[in-house]
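Novice: Just need the structure, nothing else, for what follows:
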Amino acid sequence: MDFHQDLLILGQRAKQAARKLASIGTAEKNRALLGMAEALQTHEKEILEANELDVESALAKGLKSSLVNRLRLTTEGIKQISEALREVVNLPDPTGEGEFWTRPNGLRIQRIRVPLGVVAMIYEARPNVTVDAAGLCLKSGNAVILRGGSEAIESNKVLARVIANAAEENGMPQGAIQLITQTDREYIQQLLKMNAYVDVIIPRGGAGLIQTVVQNSTVPVIETGTGICHAYVDRAADFTKAIPIIINSKTDKPGVCNALETLLVDETVADEFLPLIGEELRKLKVEIRGCSRTCAVLPYALQASEEDWATEYLDLIISVKVVKDLDEALDHIYSYSTKHSETIITENYPNAQRFLKEVDAAAVYVNASTRFTDGGRFGFGAEIGISTQKLHARGPMGLRELTTIKYMIYGEGQIVE
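Specialist: Okay, here's the model as predicted:
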């Protein structure tokens, strides 16, 4: 494959930067992060002006309001992004963590955490990811190549330039933070083949983007976050818990991967519970797509199709199905889950334990909102994404998940006999 020259230059710079970053201490990295946080607020006007161009373009193209809201930046939003960088400063640096042991032949073996190297982030219309990814990669000693969605290109150009300049001014190597400014999709296809320069690719966005990366990349991929998340209201559920959990999971931020998409209700309580939750969802303008039993109880619900059970709406839409019992709920989740986040609402301890043990997902809850699947909510600080695969990392990925293992062996002339 013939690579664009500018993409090759990005890769070469990132590789050189990663080599230097691996030996930079925590204090120096923290100083750069604080400089980046301050620079964001100093350049607030310029960032907001660029973001307004993106928002105007998105509205002109008729993008859904939920996507426009994810794209939009405000003074408060920039303050929060800046604060997120300061929070990364306070997180423990995982690089260098490890253990030491001695073998009978006298070899001393040390296993430590080291950076992955060069991380490529491919993501969609959320400009905050530009800063979050750069901050986490820098703190964990990785160089990062960023490729955001075309919807946020003007915002990302300014954000990446501001934080990259601030990082360099505070001692970080050139190329530690770089953005692919071309929106041509050919650049993504080429990035996916840059094994000589990129150590891992992390896609973050909708199912289409993630599958494109997984299916076409020759560089190792950490698959993140398509979230068809379920809540199961058991026959032993406490409705006073169930209603706020469902409302929060669905409506707090419907456009994110840990939002609720499918509600399963035990048939024993369906006639009593569905009218209660249905009215609350209607008040918040949530469209309900239900099975035949749901539509019989809720005349305002639309008939769900087979496709609905396999859809991540990322919008104020929810699919609702009445199930016979916990077994049928588990079967449905097994068939349609993307292995992100699932929750059961129940006061029955054995049922709760079955759900925890039998559901195959990165995060499984009892009597709590799926919206808690987040690095900050788990106490990890900022996250680079939520992994739904099983190798290397699973669930919210923070600093530790951006490192790998290295063995260092100290000998005194030992040879294999």
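Novice: For residue 166, grab the count of nearby residues.
Specialist: For residue 166, the neighbour count with other C-beta atoms under 10 Å is 23. For every residue, glycine as well, the C-beta is placed using N, CA and C.
Novice: Now it: which helix or strand?
Specialist: Assigned by DSSP states H and E, residue 166 belongs to helix 153-169.
Novice: for the stretch 101-250 of the chain, which spans come out with low pLDDT?
Specialist: Under the criterion pLDDT under 70, no range of the stretch 101-250 of the chain is flagged.
Novice: And the helices in it?
Specialist: Counting by DSSP state H, counting those that start in this stretch, one finds helices in the stretch 101-250 of the chain at the ranges 128-139, 153-169, 185-191, 207-216, 239-251.
Novice: For the fourth one, which outside residues touch it?
Specialist: Counting contacts by C-beta atoms under 8 Å, 6 or more residues apart in numbering, the residues outside helix 207-216 that touch it are 122-124, 188-189, 192, 201, 203, 221, 223-226, 312.
Novice: mind saving the C-alpha coords of that helix as CSV?
Specialist: Below are the C-alpha coordinates for helix 207-216, written out as CSV (Å, rounded to 0.1, in the frame of the first residue of the first chain):
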residue,chain,number,x,y,z
ALA,A,207,-21.1,0.0,15.5
GLY,A,208,-20.3,0.8,11.9
LEU,A,209,-17.0,2.6,12.8
ILE,A,210,-15.9,-0.1,15.2
GLN,A,211,-16.6,-3.0,12.8
THR,A,212,-14.8,-1.2,10.0
VAL,A,213,-11.7,-0.9,12.1
VAL,A,214,-11.9,-4.5,13.5
GLN,A,215,-12.5,-6.0,10.0
ASN,A,216,-9.8,-4.0,8.1
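Novice: So what's the gap between that helix and the chain middle?
Specialist: Distance of helix 207-216 from the chain centroid (C-alpha atoms, centre = their mean, to the nearest Å) equals 15 Å.
Novice: and what of the longest one?
Specialist: Relative to its parent chain, helix 153-169 has a centroid offset of 21 Å by C-alpha atoms, centre = their mean.
Novice: go on, the last one?
Specialist: Once both centres are worked out by C-alpha atoms, centre = their mean, helix 239-251 turns out to sit 23 Å from its chain's centre.
Novice: I'd like to know which elements the helix or strand that comes right after it is packed against.
Specialist: Per DSSP H and E, the first helix or strand lying C-terminal to helix 239-251 is strand 260-266. If contacts are counted by 3 or more C-beta pairs under 8 Å, 6 or more residues apart in numbering; DSSP states H and E, strand 260-266 sits against strand 229-233, helix 239-251, helix 267-283, strand 317-323, helix 326-336.
Novice: Can you give me the buried ones in stretch 202-220?
Specialist: Residues of stretch 202-220 classed as buried: 202, 203, 204, 205, 206, 207, 209, 210, 212, 213, 217, 219 (neighbour count, 16 or more other C-beta atoms under 10 Å).
Novice: Spit out the contact partners of the second one.
Specialist: It stands for residue 203. Residue 203 makes contact with 122, 123, 209, 210, 212, 213, 214, 221, 223, 224 under the criterion C-beta under 8 Å, 6+ apart.
Novice: Over to the fifth one?
Specialist: Shown in contact with residue 206 (C-beta under 8 Å, 6+ apart): 124, 226, 312, 314.
Novice: how much space between the residue lying closest to the last one once chain neighbours are set aside and residue 377?
Specialist: Nearest residue to residue 314, sequence neighbours excluded (C-beta to C-beta, 6 or more residues apart in numbering): residue 255, at 4.7 Å. Plainly put, residue 255 is 17 Å away from residue 377 if you go by C-beta to C-beta, to the nearest Å.
Novice: same deal with residue 270?
Specialist: Separation of residue 270 from residue 377 (C-beta to C-beta): 31 Å.
Novice: more neighbours, the two?
Specialist: A direct count of neighbours by other C-beta under 10 Å for residue 270 and residue 377 places residue 270 higher, at 21 against 13.
Novice: My read is that that one contacts residue 321, right?
Specialist: No: if you go by C-beta atoms under 8 Å, residue 270 and residue 321 don't touch, sitting 9.8 Å apart.
Novice: anything in contact with each of those two?
Specialist: Common contact partners of residue 270 and residue 321 (C-beta under 8 Å, 6+ apart): residue 294.
Novice: Which of the buried residues of stretch 202-220 sits closest to residue 334?
Specialist: Residue 334 lies nearest to residue 207 out of the buried residues of stretch 202-220, by C-beta to C-beta, at 18.4 Å.
Novice: Return the residues in contact with the residue nearest to residue 314.
Specialist: Contact partners of residue 255, counting by C-beta under 8 Å, 6+ apart, are 66, 67, 69, 70, 314, 315.
Novice: Please check the residues you listed and keep the buried ones.
Specialist: Buried members of the contacts of residue 255, scored by 16+ other C-beta under 10 Å, are 66, 67, 70, 314, 315.
Novice: Mind checking which of these land in helices?
Specialist: If you go by DSSP state H, those have 66, 67, 70 in helices.
Novice: Lowest pLDDT pick from these?
Specialist: Here the lowest pLDDT out of those sits on residue 66, with 72.
Novice: Thought residue 251 was touching that one, still the case?
Specialist: No: checked against C-beta under 8 Å, the pair residue 66 and residue 251 is beyond contact range at 11.3 Å.
Novice: so what's in contact with the two at the same time?
Specialist: Counting by C-beta under 8 Å, 6+ apart, the residues touching both residue 66 and residue 251 are residue 316.
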